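Student: Here is my input; please provide its structure:
(chains A and B)
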There are 2 protein chains.
Amino acid sequence: MLLLVSGPSGSGKTTLCRRAATAGIANYAISCTTRPSRPGEEHGIDYFFLSVDEFKTKIANDELLEYAEVHGNFYGTLKSEVFSYIENGKDVVMDIDVQGAEQIRTCLEAKVQLALVDLFVMPDSEEELRKRLNERGTDSDEVIEKRMRNSLKEMQQWTKYTYCILSNDRETDYKKFASILSTESLSVSRIIH
Amino acid sequence: MLLLVSGPSGSGKTTLCRRAATAGIANYAISCTTRPSRPGEEHGIDYFFLSVDEFKTKIANDELLEYAEVHGNFYGTLKSEVFSYIENGKDVVMDIDVQGAEQIRTCLEAKVQLALVDLFVMPDSEEELRKRLNERGTDSDEVIEKRMRNSLKEMQQWTKYTYCILSNDRETDYKKFASILSTESLSVSRIIH
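Tutor: The predicted structure is shown next:
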């Protein structure tokens, strides 16, 4: 199973995915990006940091399950990163923007090889969203406003998802997240196929 | 939402439903039956105990969501028992045999008014099933053999269900059961409708 997790910047989607991986209940699919790494971020742990040329080569070689340009940078997911887990019967979680989720849903290779489930993490208010975007403290006001506008646009897409968590505190959110992973493993259609 | 829970006698399905009701995460729909009450069982708590005549009147008046004859006794579910919860936006769990579950799935009234989810609780071995059937200690060998044969037949129907819990210890089973209730409440299709 591949669980796609979307939600605006600051919704806590990455934390949820990472925590599930740390707890050993799923594997985290690392994305690749051309954006510069932030302080403390490591290649191969937080992202695969690629140059624009490297990224474009992967596009040309059809190595990406999905990719998109967001805020002027490329983001994408390597097929090898996801399929290596799936082929070994392991569940994968990944955080992904709504454009990327849509691409994976319509990708023929994904349709054939993956049991797809998707989740939208919704902030409980616009104020909470703004607060969380400010918390990070590493972005300029301009970047924050850009993310805010983009987030509000993304949030309109929540009805396309299987599940929606209305964000509360991080502990409650994680319990819900873990229950989705647990429940999906009990699905008869998944057990049979 | 109405969660139907099936599984052979002794699979622990009733315990799961009752415990969820005690924990306040769902309401338990009490069945009605014409079988004699066992020691300790109370009318209106364990079952609504009805005479055969009373049961047949309810059938004639179309008051039952489903009914079946099992082991020579009538068992059924009152529409009023389920719909009163559903109309107030509350989740309902009920333990039900596979015949009854099938009737509810195909009942037009249920289709229109209920968001149906179903779960099969599967014993992890034939030995475990026999052990659990013996544990109750209130049934004769003949009754146990009859239940055993019926159970093995019922177990063939598990693929008709949305979810399947392969029974382990009661604590693990309950955690899975609670995660199904939690996850279903996060379903976007359920939130929208």
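Student: Next up, the contacts around the residue nearest to the spatial centre of chain A.
Tutor: The centre of chain A sits closest to residue A:95, judged by C-alpha atoms, centre = their mean, with a distance of 1.0 Å. Contact analysis of residue A:95 by C-beta atoms under 8 Å, 6 or more residues apart in numbering or on different chains lists A:5-7, A:13-14, A:16-17, A:31. In this view, the C-beta of every residue, glycine as well, is placed from N, C-alpha and C.
Student: repeat that for 6 Å
Tutor: A:5, A:13-14, A:17 (C-beta atoms under 6 Å, 6 or more residues apart in numbering or on different chains).
Student: farthest pair in the residues you listed?
Tutor: A:5 and A:14 (8.3 Å; C-beta to C-beta).
Student: Residue numbers of chain A in contact with chain B?
Tutor: For chain A, the residues found near chain B under the criterion C-beta under 6 Å from any C-beta of the partner chain are A:159, A:161, A:163-164, A:179-180, A:182-183, A:186, A:188.
Student: Buried subset of the residues you listed, written for ChimeraX?
Tutor: For the buried members of the residues of chain A next to chain B, the matching ChimeraX selection, counting by 16 or more other C-beta atoms under 10 Å in any protein chain shown, is:
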select /A:161,163,164,179,180,182,183,186,188
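Student: Got the confidence number for residue A:162?
Tutor: Note for residue A:162: predicted pLDDT of 96.
Student: quick one: contacts for it?
Tutor: With C-beta under 6 Å, 6+ apart, residue A:162 has these contacts: A:117-118.
Student: Can you pull the phi/psi pair for it?
Tutor: phi -70, psi -40 (degrees, to the nearest 10).
Student: For chain A, name the helix or strand with the lowest mean pLDDT.
Tutor: Lowest on mean pLDDT, DSSP states H and E among the helices and strands of chain A sits helix A:108-113, with a mean of 81.
Student: Return the list of strands paired to the helix or strand following that one, each annotated with direction.
Tutor: Toward the C-terminal end, the helix or strand that comes next after helix A:108-113 (DSSP states H and E) is strand A:116-122. Strand A:116-122 has the following strand partners under DSSP bridges: strand A:2-6 (parallel), strand A:163-166 (parallel).
Student: Could I get the CA-only coordinates of strand A:116-122 as PDB?
Tutor: C-alpha atoms of strand A:116-122 as PDB (Å, rounded to 0.1, in the frame of the first residue of the first chain):
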ATOM      1  CA  LEU A 116      -3.300   3.700  -3.300                       C
ATOM      2  CA  VAL A 117      -4.900   5.400  -0.300                       C
ATOM      3  CA  ASP A 118      -4.800   9.100   0.200                       C
ATOM      4  CA  LEU A 119      -5.200  11.500   3.100                       C
ATOM      5  CA  PHE A 120      -5.600  15.200   3.400                       C
ATOM      6  CA  VAL A 121      -4.500  16.900   6.700                       C
ATOM      7  CA  MET A 122      -6.600  20.000   7.100                       C
END
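Student: Can you name the next helix or strand after it?
Tutor: Immediately after strand A:116-122, counting by DSSP H and E, sits helix A:126-135.
Student: tell me which residues in the next helix or strand after that following helix are buried?
Tutor: Moving toward the C-terminus from helix A:126-135, the next helix or strand (DSSP H and E) is helix A:141-155. By neighbour count with 16+ other C-beta under 10 Å, helix A:141-155 contains the buried residues A:144, A:146-148, A:150-151, A:154-155.
Student: Would you format those residues as TSV with pLDDT included?
Tutor: Output for the buried residues of helix A:141-155, formatted as TSV (pLDDT from 0 to 100):
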residue	pLDDT
A:144	85
A:146	85
A:147	83
A:148	88
A:150	85
A:151	88
A:154	90
A:155	93
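Student: Nearest to chain B among these?
Tutor: Looking at those and their distance to chain B, the nearest is residue A:155, at 13.1 Å (C-beta to the nearest C-beta).
Student: residues contacting that closest one?
Tutor: Per C-beta under 6 Å, 6+ apart, neighbours of residue A:155: none.
Student: From residue A:180, how far off is it?
Tutor: From residue A:155 across to residue A:180, the span is 19 Å (C-beta to C-beta, to the nearest Å).
Student: Same check on residue A:157?
Tutor: 18 Å.
Student: Would you mind writing the CA trace of stretch A:157-174 as CSV?
Tutor: Provided in CSV are the C-alpha atoms of stretch A:157-174 (Å, rounded to 0.1, in the frame of the first residue of the first chain):
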residue,chain,number,x,y,z
GLN,A,157,-9.0,19.8,-3.1
TRP,A,158,-9.6,17.8,0.1
THR,A,159,-12.8,16.1,-1.3
LYS,A,160,-10.6,14.2,-3.8
TYR,A,161,-9.0,12.3,-0.9
THR,A,162,-10.1,9.0,0.8
TYR,A,163,-9.6,10.4,4.3
CYS,A,164,-9.4,13.7,5.9
ILE,A,165,-7.9,14.5,9.3
LEU,A,166,-9.1,17.8,10.7
SER,A,167,-5.9,18.8,12.5
ASN,A,168,-6.0,19.0,16.3
ASP,A,169,-3.0,18.5,18.5
ARG,A,170,-0.1,16.5,17.0
GLU,A,171,-0.8,13.5,19.3
THR,A,172,-4.4,13.2,18.3
ASP,A,173,-3.5,13.6,14.7
TYR,A,174,-0.9,10.9,14.9
